[in-house]
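Asks: Have a look at this prediction, sequence included:
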Amino acid sequence: MSEKEKRYEELKEIVANYLPEDVPSQSISLESHFINELNINSANLVDIVLDVEDAFDIMLENEDMDKMTTVQEALRIIDLKIDNKS
Amino acid sequence: MAHEIIEKLPYSHPFLFVDDLQDINQNGVIGSFTFKNELDFFRGHFKEAPVTPGVILTECCAQIGLVCLGIYLLDAQVKDFEKPQLALSSSEMEFYLPVFPDETVRVESEKIYFRFNKLKCKVKLFNQSGKLACKGILAGMLTGVESGK
């Protein structure tokens, strides 16, 4: 598994913790929109972002949060932050 | 300071559950409220045995612990901020003692985090004799609307 694939798996695990009961974790895909498709509310989205910070040891800003609408966008921002660190 | 914050609260009688704030800072707040005998819900909760409903104690904790503290924290962030937009997002409370009519309660709230407009706090409500009546963890979303908007 590549680094990026590992990050995707790790992100999916984090997101799965916050899915409402009627949304199965298999429904998470790259294209998934957190709020519109996965039914995650804005308060839980904040918790996802805080977990992402801990899991990947990065710091996210308000602008990053605003852009994190889909799984793909979240991964792009995570990759960017990790690249900027090294 | 306490007065200015209470002025900004979006509640009024009969759903304002904050009388005064004794202390407020970046990490938390202490406030108080008296559940006057005249409050309407005492007539029905319970029939002939008035006790403050748990949801109202939770509301009191949220108004002092989340909203007042949130307004204080937003004030430092948003320039000329006038009114807060808010929504409770989660509550997990445990109840220990009843609160009777005419009791003055003290709410203490300790910030867990305030990030990305979400404020999460540990709250405790003490009855008139200083005993813990309920405690829990509350979270809500808060944004400041700039004046003129």
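Replies: Sure thing, it's come through. Numbering: from 1, shown residues only, chains lettered A, B, ... in the order given.
Asks: Where do the helices of the chain begin and end?
Replies: You didn't say which chain, so I picked chain A. A:3-16, A:42-56, A:62-67, A:71-85 (DSSP state H).
Asks: ah, no, chain B please
Replies: Using DSSP H, helices in chain B cover B:2-8, B:54-62, B:69-77.
Asks: which one of the helices of chain A lies closest to residue B:15?
Replies: Between residue B:15 and the helices of chain A, the shortest gap by CB to CB is with helix A:42-56, which sits at 22.0 Å. Heads up, the C-betas are built off the backbone N, CA and C, glycines and all.
Asks: Select, out of the helices of chain B, the one closest to chain A.
Replies: helix B:69-77 (10.2 Å; CB to the nearest CB).
Asks: Burial check on the closest residue to residue A:58 other than its chain neighbours, number of neighbours?
Replies: Leaving aside its sequence neighbours, residue A:58 sits nearest to residue A:81 (CB to CB, 6 or more residues apart in numbering or on different chains; 4.0 Å). Each residue near residue A:81 was counted by other CB atoms under 10 Å in any protein chain shown, and the total is 18.
Asks: next one: the one 5 residues further on
Replies: By the measure other CB under 10 Å, the count of residues near residue A:86 is 4.
Asks: Find the closest residue to chain A in chain B.
Replies: Counting by CB to the nearest CB, chain B gets nearest to chain A through residue B:89 (3.2 Å).
Asks: so who does that residue touch?
Replies: For residue B:89, the contacting residues are A:41, A:42, A:43, A:44, B:118, B:139, B:140, B:141, by CB atoms under 8 Å, 6 or more residues apart in numbering or on different chains.
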